[in-house]
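K.L.:
Give the three-dimensional model of this entry:
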Amino acid sequence: MLNIDPRHHLDTQGLAVAAVAAIRSAAADEVARGLDNVFFASAGGVALLTYPAAKLLQQRSGLPVFIERAAELVAADNASLGPRSLVVLCSVSGTTKEAVAVLEFAQSKGARVMAFTGTPGTPLAELSDINIATPAADDTSSETYLIQTLVLALSVMEARGELTGLDEIVADLGHLPAALVAAKEQFEPQAASLAEALVGRDRPIMFTGAGGAWYEAWYFAMCILEEMQWIWTRPIHASDFFHGTFELVEKDVAVVLLAGEDAGRPLAERVRAFVPGVGGDLFVIDTSEFELAGVGAATRALVSPVVLATVLERLSVHIEALTGHPLTTRRYYKRMEY
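P.N.:
Now for the predicted structure:
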């Protein structure tokens, strides 16, 4: 595989899974204290990595769940934020100013903050009421936070008596680090060919998906291709695709479809059937094509975003090689005041 240390990924995702017991314990404590609601309010692209877990709670739990942008929550407030709220934040650096601001704002209203951080000793790690610190970098953080916030959501439901069988899911997650490295290896040839097909196009590349896959489509388009590669994209949810965006599909228009294994899959299949019929260039990344040894069917549906994140890391490396533009190069992000 190009420019990768598989052991780094195996070890990092192993550490992500190793935090499961601490997350389950913290969730049980929060529910026991009388939890009224949960806010997912991270800043920037990392927020998208928490949305599959937030959506899962909204769909399967009776607990009110709010999805907020950090800066907007501070600016506009939310009447439901208070002493019996849990605010969930993720940050690799632990220093993102919007995240620190929303932490301070939430705590000023009596809420408790649970922060997942990649770096100990940072403001978010030190100021949060609950800190889950797992070493992570740009090439591993997506999987880490997708896994850990998923476990948080499931643990909250378990503590509320809304879920059984979490032990079985946790056992499956123990097989996930090795399964993700195997998925990277399987996807490597496709990553190389897809990078070749996408780089150099003169129109924005559409990224779409539904269910948990949608958030990974959004994240990769915005945070990897736009921020890290300066490539124009058009992320669009598969259910919205047929309410405007599909009119732009014609010859030489690229549509990248991410297909997971949850309830959103039929929406993705609709896009899969449409695009080739009107002459668009369709590229599909489908989690059902990866073995994921040791991971049961029910867990596969839950971890589809994790699988997509891990194989898209391979695509980003191949795009970087073709463009000659390092993924770490920015014009503005953390380079100036804005």
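K.L.:
how many neighbours does W230 have?
P.N.:
Neighbouring residues of W230 were enumerated by other Cβ atoms under 10 Å; the total is 12. Heads up, the C-betas are built off the backbone N, CA and C, glycines and all.
K.L.:
what separates it from E313, distance-wise?
P.N.:
W230 sits at a distance of 19 Å from E313 (criterion: Cβ to Cβ, to the nearest Å).
K.L.:
what's the answer for A137, then?
P.N.:
Taking Cβ to Cβ, one finds A137 at 11 Å from E313.
K.L.:
residues of the top helix by length along the chain that come out buried?
P.N.:
For the chain, the longest helix by residue count, based on DSSP state H, is helix 166-198. Buried positions in helix 166-198, judged by neighbour count with 16 or more other Cβ atoms under 10 Å: 166, 169-170, 172-173, 175-184, 187-188, 190-192, 194-195, 198.
K.L.:
cool, stretch 238-257 as well?
P.N.:
A238, F241, T245, F246, V249, V253, A254, V255, V256, L257.
K.L.:
so how far is that stretch from its chain's centroid?
P.N.:
23 Å (Cα atoms, centre = their mean, to the nearest Å).
K.L.:
model confidence over that stretch, on average?
P.N.:
The pLDDT scores in stretch 238-257 average 98.
K.L.:
do the same with stretch 318-326
P.N.:
98.
K.L.:
List the contacts of the nearest residue to R203 once chain neighbours are set aside.
P.N.:
Nearest residue to R203 in three dimensions, chain neighbours excluded: V253, at 6.2 Å (Cβ to Cβ, 6 or more residues apart in numbering). Going by Cβ atoms under 8 Å, 6 or more residues apart in numbering, V253 touches R203, M206, G280, D281.
K.L.:
Now do the same for the first one: helix, strand or coil?
P.N.:
If I follow you right, that is R203. coil (DSSP: H, G, I helix; E, B strand; the rest coil).
K.L.:
going forward can the numbers begin at 49, since that is how I track them
P.N.:
Will do, 49 is the new start, and the previous item becomes R251.
K.L.:
Quick check, it in contact with E298.
P.N.:
No: contact between R251 and E298 fails when scored by Cβ atoms under 8 Å: they sit 9.7 Å apart.
K.L.:
What sits closest to Q61 if chain neighbours are left out?
P.N.:
Nearest residue to Q61, sequence neighbours excluded (Cβ to Cβ, 6+ apart): P225, at 3.8 Å.
K.L.:
Name the next helix or strand downstream of the helix or strand containing T60, please.
P.N.:
Using DSSP states H and E, T60 falls within helix 54-66. Once the chain leaves helix 54-66, the next helix or strand it forms, by DSSP H and E, is helix 68-80.
K.L.:
Sweet, I'm off.
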